[in-house]
Structures are given as structure tokens and as C-alpha cells.
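Asker: Let me see the structure of the following:
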Amino acid sequence: MAMLKTTTSIVMKIRFKKKRLYANLIIGIVWTLLGIYSLLEDDNLRWSDYGYLIIGLLYIGHYLYDLTTQYLTIENGSIRKNGLYGFGKKINLNDINWIKKFASDYILKTKTEELKINTELIDKNSLNELNAILEKLNLPANKTPFTSAI
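Answerer: Residues are numbered from 1 along each chain as shown. Have a look, this model is predicted:
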């Protein structure tokens, strides 16, 4: 069982890279403008004309969701991967018994669950904060990729 050396009741957000956030915003704006243009210019409206607008608004909504919730939330001894449309996942930090690093992913494993974290999506400063928290878990050296683990 992993145990945190220190307890915190602070809510910490592990942020997305700005590049990812802005990409969703730009794609959303382009699709929305394409949808508006299609609706205004075409006398014979088709369902796809509305589809462009809907896709654009969904991308903008995704951008706003990601901007406010960010990638991960750490609070009250648990880590939650925030996901739009109900695809988020949460595990307790104290239940983590293995941290596996594979390519650019961290896989946090408990006895019954696992949480995959793509580090390429995380802002550099936030990744340092995440690493600091994961290093504080009391895991055996062969069960963690962090060199400071005891």
C-alpha cells in the first residue's frame, strides 16, 4: 500500500498544455464559422450545414470544459482524471501500489484499478508538481520510476 508522507487538503490542478487547449478552440472556431457560412450562403439547407455548426460548438464546449477543469485534480488524498462526457476516473493515492512508466505515460495501479496519465498533455510546471506528489508515495524502488523513492 502506498502512503503519503504528508497530507494535504489543497485542491491541485494538473494543467493541460496551452497548445492542446488552443488547438480545440481554433478547431471549434473554424467549424463554427464554416457552419455559419453554410447556413447563410446556401438556399437549400442540408443536415450537414447544421452539423458543422454543432461540431464547432462541441469543440468550443470541450475547450471551455478543459480550461476550467484541466487534466487532473488532486484533492483529499485522491487523484481524478477529468473527462468530458463522464469519462473521468478517480483513485485514492494511498491505494496506489505500483507506478509504471511506459513511453510518455504513467500508469498508476491499485489492486483493482489503474489510471493512465499521458504526460505529453501536461504543462511542464504541472508535470513537475505531479512528479513531486508521486515521489512522496512510499513505494518500493522496483514499483516506481522515481529515483528518490525508497
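Asker: what are the ranges of the strands in this structure?
Answerer: With DSSP state E as the criterion, the chain has strands at 12-14, 72-75, 78-81, 89-92, 98-102, 105-109, 114-118.
Asker: Switch those strands over to a markdown table; also include mean pLDDT, distance to residue 58 and mean neighbour count.
Answerer: To be clear about C-beta, it is placed using only N, CA and C from the backbone, and glycine gets the same treatment. A markdown table is the format used below for the strands of the chain (pLDDT from 0 to 100; distance: least, Cβ to Cβ, whole Å; neighbours: other Cβ atoms under 10 Å):
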| stretch | mean pLDDT | distance to residue 58 | mean neighbour count |
| --- | --- | --- | --- |
| strand 12-14 | 95 | 23 | 19 |
| strand 72-75 | 95 | 23 | 18 |
| strand 78-81 | 95 | 20 | 18 |
| strand 89-92 | 93 | 22 | 15 |
| strand 98-102 | 93 | 31 | 14 |
| strand 105-109 | 95 | 26 | 17 |
| strand 114-118 | 94 | 21 | 15 |
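Asker: Nearest to residue 125, out of the ones you listed?
Answerer: Of all those, it is strand 12-14 that lies closest to residue 125, at 9.7 Å by Cβ to Cβ.
Asker: which helices and strands sit right next to that closest one?
Answerer: strand 72-75, helix 124-135 (3 or more Cβ pairs under 8 Å, 6 or more residues apart in numbering; DSSP states H and E).
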